[in-house]
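*Asks:* Show me the folded form of this:
(chains A and B)
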Amino acid sequence: SAVISQKPSRDICQRGTSLTIQCQVDSQVTMMFWYRQQPGQSLTLIATANQGSEATYESGFVIDKFPISRPNLTFSTLTVSNMSPEDSSIYLCSVESTGGGSYGYTFGSGTRLTVV
Amino acid sequence: AQSVTQLDSQVPVFEEAPVELRCNYSSSVSVYLFWYVQYPNQGLQLLLKYLSGSTLVKGINGFEAEFNKSQTSFHLRKPSVHISDTAEYFCAVSPGGATNKLIFGTGTLLAVQP
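*Replies:* Sure thing, here's the model as predicted:
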């Protein structure tokens, strides 16, 4: 299965600023997914990013707040804009893996964001 | 829309006892089903998955799950738990087709006590 490198692993940011999270995959993948895990909560899908097209956002998430780039088949970034304490969460990227006759989803190790 | 229900937010159990974590999903079409484990302050690790074929799926760390289409369930079981199994367990479903996103349940905290 694919291996994902996600960074930064954690950050503490001032409210009103923005943070860009990067995900690098060791193989080419069609779709990348960005999730948010709020403290003590489950994972909620933010958006799906396909290379060469606009990301598709889930209900409750907008591009102005969470702009996503997908410049090629191995890389994506998620920006958390104009941050407030409510944005304190773990952000994870994920890819769909279909290699080797298997199917599944691989996750990055996550970015633990604290907004103060 | 697809949804996943994990009715138990927390399951306390004594070490070496059996455990079952429940998961139900809503779907009228074929889906792929997954169980992930998240240890404290760590990322997500795949425990097991059901794609097709045998309804009894065996995963890592002695866990297994049974897919029941008529009851739209995918309960996770382990015959004898260890302290090290203490973690958050998430059930997830992928609707498949063009929208291959994973939808997660709310999670169940398995708290193993000595």
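
*Asks:* Please identify the residues of chain B in proximity to chain A?
*Replies:* Within reach of chain A by Cβ under 8 Å from any Cβ of the partner chain, chain B has these residues: B:32, B:34, B:36, B:42-44, B:46, B:49, B:51, B:90, B:92, B:94, B:99-107. Every residue, glycine included, has its C-beta placed from N, CA and C.

*Asks:* and if we set it to 10 Å?
*Replies:* Neighbours of chain A within chain B, by Cβ under 10 Å from any Cβ of the partner chain: B:1, B:4, B:6, B:9, B:32, B:34, B:36, B:38, B:41-46, B:48-49, B:51-52, B:88, B:90-92, B:94, B:96, B:99-107, B:109.

*Asks:* Go through the residues you listed and flag which are in helices.
*Replies:* In this view, the residues of chain B next to chain A have no member that belongs to helices under DSSP state H.

*Asks:* Next, count neighbours for B:Lys58.
*Replies:* Residues near B:Lys58, counting by other Cβ atoms under 10 Å in any protein chain shown, number 10.

*Asks:* For it, give me its contacts.
*Replies:* If you count contacts by Cβ atoms under 10 Å, 6 or more residues apart in numbering or on different chains, B:Lys58 has them with B:Leu48, B:Glu64, B:Ala65.

*Asks:* ok, now B:Leu110?
*Replies:* Neighbouring residues of B:Leu110 by Cβ under 10 Å, 6+ apart: B:8, B:10-13, B:19, B:21, B:37, B:76, B:78, B:81, B:85-89.

*Asks:* Among these, name the buried ones.
*Replies:* If you count burial by 16 or more other Cβ atoms under 10 Å in any protein chain shown, the buried members of those come out as B:11, B:13, B:19, B:21, B:37, B:76, B:78, B:81, B:85-89.
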